[in-house]
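Asker: turn this into a structure:
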Amino acid sequence: MEHSRIVIDGTGLDCRTVARAARADVMIAIAGTGVERARAAWTTARAVTAERPVYGRTTGVGANRVVNVEWEDADAHGLRLLRSHAAGAGPLVAAEIVRAMLTVRLNQIAAGGSGVDPGVLQALADALNLGLLPPVPAYGAIGTGDLTALASTALCLLGERSWLGGPDAGPERGPGFRLRSADALAFISSNAATLGESALAVADLRTLVAASTVVAALSLLAVHGSEEPFAPAVHDACPHPGQQEVAAAVRLLLAFDHPAPARIQDPYGYRAFPQVHGPAVEAVRYAEDVVAREINAASENPLVDVAGRTVWHNGNFHTAYVGLALDAARAALFQTMALSAARLGTLTEPAFTGLYPFQAATEASSGIMILEYVAHSALADVRRLAAPAALGNAVLSRGVEEHAGFSTQSARATTDALGGYRIGLGCELVAAVRALRMQGRAPAGGPLRAAYDMATGVLDERVEDRPLDADIALAADLLPRLAAVIDA
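Answerer: Got it, this is the predicted structure:
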């Protein structure tokens, strides 16, 4: 079987590529330019360290930065650092997040600036290609460095800790590379795990936000809604880019369908959809830009400056941008999910669908009644998870590290919120498609008809009372395919 190939060069990684590396059957290769940048930084780091103090190489870390490491203790110092910091706790994070972490750290080192031995690049690529993963517990980072996760990775490279997964898992059967003691802090001083999870979350957010527009258009058609709220003049009058984009997408989806509206004004779930969903589109795009910038950055502390033949001690380890961007995206996601739940409510009403209550087979049947409960249960979780992680704070290491942005927790909350959002949107899709089927109607053509045909191809057409859990699961799984009709 031939694998697709991803080439890592330190400059061109994006969130979708991270997702492919984490989830697909791909081979990871390293561009020569990335290896050369890493080698130049490694050479420079060694030269500078011989001339002046360098944090983590000639000193302790954290509050121990004022303690110099004697040259005869240098080999042991880095190993002690790795052993002491490989102390995460709790359940292990998902394998795809660990693969995303390895991909991001590989790319960061290839960007130049870490000073880590360039041989580690091939070792990380080998681990990915062999299906090997370091054990990474959930608790241990707060957005200022994934020290525990990367220290665990380093111990796997050293053969002190067993790799997980794959036929070559074990302490001595992984990639043949021994991380140098002097490179210990440089290797673990990164937010690669947080950024890897953020990249996965952003890629999924983009897909689901696109799918939402398709599902909302199906619902609008099912309730005989008005196209007036999507008219160009409306959005030229209030020209927020996301709002304009959403309205244009709905017009495209409804281009083959122009039924007379059943009422002069629709509920907010339809009438205000561009104004509520537009901010989600913009928030996700901004988050994607922020994460892409971070995963291609040499955001190291200290930063090895090859051109200047020096190192710079700095604060690029702090991922405030990422945490705040994801916090904003979750808040916007909750707002648009609340509209989805509101539209689901209209799809149970005879006044909107012309069907029995709850789209039931008979007047006394329950039909899709339970979908509202499921959707609001999921919505409650998304509302809980929308709380900004950035409102937390921490003072650590004897007071010298006196701030944290908790981007790690923001990334995890975003991952969890996505699960609830998929379920809520799946419920709306089941209801919209069922209503159109029972009305004997279908989109006339174009991308909306393509989306409808995809849905009817997998969703059960029976309307008698029966368990709907399989329908919800199928609808949720279909969302990426629906997104593709407008998010090519």
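Asker: mind giving me the domain split of this protein?
Answerer: When the chain is parsed with automatic domain parsing, its domains come out as 4-190, 198-483.
Asker: mind putting these in TSV, mean pLDDT and mean neighbour count included?
Answerer: For the C-beta atoms, the positions are set from N, CA and C on the backbone; glycine is no exception. TSV is the format used below for the domains of the chain (pLDDT from 0 to 100; neighbours: other C-beta atoms under 10 Å):
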stretch	mean pLDDT	mean neighbour count
domain 4-190	88	20
domain 198-483	96	20
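Asker: surely A186 meets A45?
Answerer: Yes - with contact defined as C-beta atoms under 8 Å, A186 reaches A45; the gap is 7.1 Å.
Asker: please enumerate the strands of the stretch 51-200 of the chain.
Answerer: Along the stretch 51-200 of the chain, the stretches classed as strands by DSSP state E, counting those that start in this stretch are 89-92, 137-139.
Asker: what residues does stretch 154-169 touch?
Answerer: Around stretch 154-169, the neighbours that count as contacts under C-beta atoms under 8 Å, 6 or more residues apart in numbering are 79, 82-83, 86, 92, 95, 120, 123, 127, 130-135, 152, 170-175, 177-179, 184, 187-188.
Asker: for it, measure first residue to last.
Answerer: Terminal residues of stretch 154-169 lie 15 Å apart, using C-alpha to C-alpha, to the nearest Å.
Asker: if we can go back for a sec, find residues that contact each of A186 and A45.
Answerer: In contact with both A186 and A45: R57, G115, using C-beta under 8 Å, 6+ apart.
Asker: need the contact list for the residue nearest the centre of the chain.
Answerer: When C-alpha atoms, centre = their mean is applied to the chain, the residue found nearest the centroid is A201 (1.3 Å). Going by C-beta under 8 Å, 6+ apart, A201 touches L326, A411, T414, T415, L418.
Asker: following the host helix or strand of it, which helix or strand comes up?
Answerer: In this structure, A201 is located in helix 192-222 according to DSSP states H and E. Remark: after helix 192-222, the chain's next helix or strand is helix 232-237, criterion DSSP H and E.
Asker: give me the contacts around the next helix or strand after that following helix.
Answerer: Next helix or strand after helix 232-237 toward the C-terminus (DSSP H and E): helix 241-253. Residues from elsewhere that reach helix 241-253 (C-beta under 8 Å, 6+ apart): 213-214, 216-217, 220, 227, 229-232, 234-236, 273-275, 277-282, 285, 443, 446-448, 451, 486.
Asker: chain center to helix 241-253: distance?
Answerer: Remark: helix 241-253 is offset 24 Å from the chain centroid, using C-alpha atoms, centre = their mean, to the nearest Å.
Asker: what do you get for stretch 28-43?
Answerer: Using C-alpha atoms, centre = their mean, the distance between the centre of stretch 28-43 and that of its chain works out at 27 Å.
Asker: could you dump it to CSV, C-alpha only?
Answerer: C-alpha atoms of stretch 28-43 as CSV (Å, rounded to 0.1, in the frame of the first residue of the first chain):
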residue,chain,number,x,y,z
ILE,A,28,6.7,12.0,7.4
ALA,A,29,9.8,13.3,5.6
ILE,A,30,12.1,16.2,6.5
ALA,A,31,13.2,18.8,4.0
GLY,A,32,16.9,19.4,3.7
THR,A,33,16.4,23.1,4.3
GLY,A,34,14.9,22.3,7.7
VAL,A,35,17.8,20.1,8.6
GLU,A,36,20.3,22.8,7.6
ARG,A,37,18.5,25.5,9.7
ALA,A,38,18.5,23.1,12.7
ARG,A,39,22.2,22.3,12.2
ALA,A,40,23.1,26.0,12.0
ALA,A,41,21.3,26.7,15.2
TRP,A,42,22.9,23.8,17.0
THR,A,43,26.4,24.9,15.9
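Asker: and the nearest residue to C238 once chain neighbours are set aside, its phi and psi?
Answerer: Excluding the flanking residues, the one nearest C238 by C-beta to C-beta, 6 or more residues apart in numbering is Q275, at 7.8 Å. In terms of degrees, to the nearest 10, the main-chain angles of Q275 are phi -70, psi -30.
Asker: please report how far Q275 lies from L164.
Answerer: 47 Å (C-beta to C-beta, to the nearest Å).
Asker: can you check A432 too?
Answerer: Noted for A432: a distance of 42 Å to L164, by C-beta to C-beta.
Asker: list the contacts for L92?
Answerer: The neighbours of L92, taking C-beta under 8 Å, 6+ apart as the test, are P135, V136, P137, A138, L164.
Asker: mind putting those residues in TSV, distance to A351 included?
Answerer: TSV is the format used below for those (distance: C-beta to C-beta, whole Å):
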residue	distance to A351
P135	56
V136	52
P137	53
A138	47
L164	56
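Asker: strands of the stretch 251-400 of the chain, start to end?
Answerer: For the stretch 251-400 of the chain, the strands defined by DSSP E, counting those that start in this stretch cover 303-305, 310-312.
Asker: residues in contact with the last one?
Answerer: Contacts with strand 310-312, where a contact means C-beta under 8 Å, 6+ apart, come from T44, A45, V48, V54, G115, P302, L303, V304, D305.
Asker: wait, the third one touches R309, no?
Answerer: Put plainly, it is V48. Yes - with contact defined as C-beta under 8 Å, V48 reaches R309; the gap is 6.9 Å.
Asker: quick check: V98 touching P134?
Answerer: Yes - assessed by C-beta under 8 Å, V98 is found in contact with P134 at 6.6 Å.
Asker: quick one: common contacting residues for those two?
Answerer: Taking C-beta under 8 Å, 6+ apart as the criterion, V98 and P134 both touch A149.
Asker: I97 and R52, how far apart?
Answerer: 37 Å.
Asker: no wait, P135
Answerer: Note on P135: its distance to R52, by C-beta to C-beta, is 37 Å.
Asker: please apply the same query to V281.
Answerer: The gap separating V281 from R52 is 48 Å, by C-beta to C-beta.
Asker: cool, A325 as well?
Answerer: In terms of C-beta to C-beta, A325 sits 36 Å off from R52.
Asker: also L79?
Answerer: To R52, L79 is 23 Å away according to C-beta to C-beta.
Asker: go on, L339?
Answerer: With C-beta to C-beta as the criterion, L339 and R52 are 58 Å apart.
Asker: and A320, by the same measure?
Answerer: For A320, the distance to R52 (C-beta to C-beta) stands at 29 Å.
Asker: wait, A38 touches I109, no?
Answerer: Yes - the criterion here is C-beta under 8 Å, and A38 meets it with I109 at 5.3 Å.
Asker: roughly how far apart are A394 and L324?
Answerer: On the measure of C-beta to C-beta, A394 and L324 end up 16 Å apart.
Asker: hmm, I was thinking of R398
Answerer: According to C-beta to C-beta, R398 and L324 sit 27 Å apart.
Asker: equivalent analysis for A280, please.
Answerer: In this view, A280 and L324 are 16 Å apart by C-beta to C-beta.
Asker: tell me which of the contacts of stretch 154-169 fall in helices.
Answerer: Assigned to helices by DSSP state H, the following of those qualify: L79, L82, R83, A95, V120, A123, A127, L130, S152, A184, F187, I188.
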